[in-house]
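K.L.:
sequence and predicted structure, then a few things I'm wondering about:
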Amino acid sequence: MPHRKSLSGMLERYAAAHPERREVAQRVLAFVASTPDCFCRSCLQGHITGSAWLLNPAGDKALLTLHRNLKRWMQLGGHADGDADVLRVALREATEESGIGGIRILCPEIMDVDIHPIPARPAKGEPAHFHYDIRFLMQAPHENCAISDESDDLAWWTSADIQSRRAELDEAVLRLARIWESGASFTKFPCPPGTPR
């Protein structure tokens, strides 16, 4: 499966460039290698998801969604639903959840990886499981967004907003913000610092 091999290559490059996140990247690599249906929701132990840290045209705001089920502010993203091209998944989810067309991929390499638990939803027959989330950096052509049925709200957050409202954000979102803040200008230098080009 070419896209599974492509994801493994991206994870290996990410692990080499980010030694502080190597252990997490290697856990995702092992999961992809050992789990044939890792891109499907039917894999009850967990599955691969794709996310986007979506910037506005100026690169000084990021779009976050107040997730309808989890009730937390987070980056846009969602299930692969069988698609092993995780970059395409992240772009699709960013487009669907923001209502914005023409989103641009700023870097085809991984911005961040995260493994986080998802609580059980007995009413839907879903056991507790893990999301093995692959995150990419993207940019919207404008700030006019529309709330989807997966969100309670959408908002553009500045770095100052994120700092002042840290208590509303999970550590994984704060880590994405730190990566964003550590870059000079993502419009001029699209790949996050340390990413192979």
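P.N.:
Structure received.

K.L.:
which residues touch the residue most central in space within the chain?
P.N.:
For the chain, the residue sitting closest to the mean C-alpha position, by C-alpha atoms, centre = their mean, is S51 at 2.3 Å. Applying C-beta atoms under 8 Å, 6 or more residues apart in numbering, we find S51 in contact with Q75, L76, G77, G78, A90, E93, D133, I134, R135, F136. Quick note: C-beta positions are derived from backbone N, CA and C, even for glycine.

K.L.:
which of the residues you listed sits closest to C145?
P.N.:
For the contacts of S51, the closest approach to C145 (C-beta to C-beta) belongs to L76, at 9.7 Å.

K.L.:
quick one, what contacts that closest one?
P.N.:
Per C-beta under 8 Å, 6+ apart, neighbours of L76: S51, A52, L54, L63, L64, T65, E93, A94, E97, S98.

K.L.:
ok, back up a step: which non-adjacent residue is nearest the residue nearest to the centre of the chain?
P.N.:
Distances taken as C-beta to C-beta, 6 or more residues apart in numbering put G77 closest to S51, at 2.8 Å, once the chain neighbours are dropped.

K.L.:
wait, is that neighbour part of a strand?
P.N.:
Yes. When DSSP: H, G, I helix; E, B strand; the rest coil is applied, G77 is found to be in a strand.

K.L.:
can you give me the offset of the longest helix along the chain from its chain's centre?
P.N.:
Looking across the chain with DSSP state H, the single longest helix is helix 2-17. Centre-to-centre, helix 2-17 and its host chain are 15 Å apart (C-alpha atoms, centre = their mean, to the nearest Å).

K.L.:
mind listing what's buried in that helix?
P.N.:
Neighbour-count burial for helix 2-17 flags H3, R4, L7, M10, L11, Y14, A15, A17 (criterion: 16 or more other C-beta atoms under 10 Å).

K.L.:
how close does the residue lying farthest from the centre of the chain sit to H131?
P.N.:
Most distant residue from the mean C-alpha position of the chain: A123, 26.4 Å away (C-alpha atoms, centre = their mean). Distance, A123 to H131, using C-beta to C-beta, to the nearest Å: 19 Å.

K.L.:
what does the pLDDT read for the closest residue to K61 other than its chain neighbours?
P.N.:
Using C-beta to C-beta, 6+ apart and skipping the chain neighbours, the partner closest in space to K61 is W156 (4.1 Å). Per-residue confidence (pLDDT) for W156: 97.

K.L.:
strand partners of the helix or strand hosting W156, parallel vs antiparallel please.
P.N.:
Using DSSP states H and E, the element containing W156 is strand 151-157. Here strand 151-157 has these sheet partners by DSSP bridges: strand 62-67 (antiparallel).
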